[in-house]
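> Build me a model from this:
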Amino acid sequence: MDTKNSESEKYTEKLDRLQHENDSLRSEVAELTAQVSWLMEQVRLSRHQRFGASSEKSEYDNIAQLNIFNESEMTADANVPEPEISEVKKYYRKKRREAKVICGYTEQHMVPVRLLCFMITALTGGQKIPRHF
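This next block holds a predicted model:
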């Protein structure tokens, strides 16, 4: 009988230990769940604060901003005559001239004739080249 009692005591102790462990794990899960929900709420509030619409408007904001523009009128002298309005002379840019196209090339891409004559003279050893070239 002692063996049966000792075995039942072992199982009872093991059952008590497992129940205690189960209770502690359940309370830990509840704490972590509460912590996760709190953190999710903080993220939501942070996003709303960063990207959400601001509602910091009051009835006095518009009046204060409009008074900024009236400051110069309040300090201005009413006896000073208004300046005369004059027209500004119009300015037109010059039209760009069109480049001549010779043999499919524009003037900008062609080498000047004098440079060609110089190069040919240098290559031929100083022989003169007729002007009509």
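> any idea of the mean pLDDT in stretch 24-37?
Mean pLDDT, computed over stretch 24-37, is 96.
> My error: substitute stretch 121-130 in the last question.
Taken as a whole, stretch 121-130 has a mean pLDDT of 68.
> just stretch 97-116 next, same as before
The model assigns stretch 97-116 a mean pLDDT of 63.
> Next: stretch 52-66.
63.
> try stretch 82-93
Averaging pLDDT along stretch 82-93 gives 85.
> tell me how far the ends of it are from each other?
Start-to-end span of stretch 82-93 (C-alpha to C-alpha, to the nearest Å) is 33 Å.
> Burial check on residue 120, number of neighbours?
13 (other C-beta atoms under 10 Å). Every residue, glycine included, has its C-beta placed from N, CA and C.
> Check the one 4 residues further on too.
Under the neighbour criterion other C-beta under 10 Å, residue 124 is assigned a count of 10.
> can you tell me how far it sits from residue 53?
82 Å (C-beta to C-beta, to the nearest Å).
> cool, and residue 37?
Using C-beta to C-beta, residue 37 is found at 25 Å from residue 53.
> Looking at those two now, which is surrounded by more residues?
More crowded of residue 37 and residue 53, by other C-beta under 10 Å: residue 37, with 10 against 6.
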